[in-house]
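Q: got a sequence here, can you model it:
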Amino acid sequence: MNPNEYVKNVLVTEARDFEPLKERFSLVRSIRLLHGVIGLSSELAEIQELVEKPNIDPVNLKEEKGDLFWYMGVIIDELQFDPNKIFMFNDTDKIQSFSDNDARSQLQEQIHGLTKSIGTTVDLLKKHVMYGKELKVDAVKDQLQQIDYYINRSLRIYGLTSAAARETNIAKLKFRYQEKFTEVAALERDLVTERAILETK
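A: Numbering: from 1, shown residues only. Take a look at the predicted model:
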């Protein structure tokens, strides 16, 4: 089967009944949940890229983990979860000292866990929005708790905390958007000042 034939066969089994899809995609709930999982996936890719650099920048790591928290916040709000039941891991655990290589290895281990949990969350939402299956809300909650765990573990490797990552994330976004989101502000960023904000928190 050549590539052209393969794509033609893909279309045979693609969800092509657009009426129920249009209905589900028109729902605010679907849009917000998709925004959340798309954001989690894109931030995960940025974190993996960060780990592949010769030197890991802890400030950048805290920023990217804070962005993961932000997208989790959207999902938490839409599904009306108690944030205290998702962001459960405290920042009082003892910080271990690692060599650079060991820290990178530990971080990769946490990213592996994030990849599984975020992928599972995406799959739950895909089945709900694309196939019309009932959303397994408790399963989404479980995965968000796992994501919180892996974020916390990876931050602690570098002596960082989840609370600080969330606070700097909001400080950065308040500077970027002031009172509310605009597409212009999303695209035209003052990265120098944002970096300074991330470094001071």
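
Q: contact partners for the residue nearest the centre of the chain?
A: The residue lying closest to the centre of the chain (C-alpha atoms, centre = their mean) is Leu40, at 2.4 Å. The neighbours of Leu40, taking C-beta atoms under 8 Å, 6 or more residues apart in numbering as the test, are Leu68, Tyr71, Met72, Ile118, Thr121, Val122, Ile147. Yep, even glycine has a C-beta here, placed from its N, CA and C like the rest.

Q: longest helix anywhere in the chain?
A: helix 100-131 (DSSP state H).

Q: for the closest residue to Ala103 other than its chain neighbours, give me the pLDDT.
A: Excluding the flanking residues, the one nearest Ala103 by C-beta to C-beta, 6 or more residues apart in numbering is Ile157, at 5.2 Å. At Ile157, the model reports a pLDDT of 87.

Q: please shift the residue numbers so they start at 7 in all later answers.
A: Will do, 7 is the new start, and the previous item becomes Ile163.

Q: surely Ile163 touches Gln114?
A: No. Using C-beta atoms under 8 Å, Ile163 is not in contact with Gln114; the gap is 10.5 Å.

Q: between these two, what contacts are shared?
A: Joint contacts of Ile163 and Gln114 (C-beta under 8 Å, 6+ apart) do not exist.

Q: quick one: low-confidence ranges for this protein?
A: 96-106, 207 (pLDDT under 70).

Q: how about the contacts of Leu46 in CSV, adding neighbour count and distance to Glu52?
A: Listed next are the contacts of Leu46 as CSV, based on neighbours: other C-beta atoms under 10 Å; distance: C-beta to C-beta, whole Å:
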residue, neighbour count, distance to Glu52
Leu74, 24, 10
Tyr77, 20, 12
Met78, 25, 15
Ile124, 24, 12
Thr127, 24, 17
Val128, 17, 16
Ile153, 25, 15
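
Q: of all these, which comes closest to Arg22?
A: Val128 (21.2 Å; C-beta to C-beta).

Q: list the contacts for the nearest residue to the closest one once chain neighbours are set aside?
A: Of all residues not flanking Val128 in the chain, Val43 sits nearest, at 4.7 Å (C-beta to C-beta, 6+ apart). Counting by C-beta under 8 Å, 6+ apart, Val43 makes contact with Tyr77, Ile81, Ile124, Thr127, Val128, Leu131.

Q: please report how far Val43 lies from Glu84.
A: 11 Å (C-beta to C-beta, to the nearest Å).

Q: no further queries at this time; thank you.
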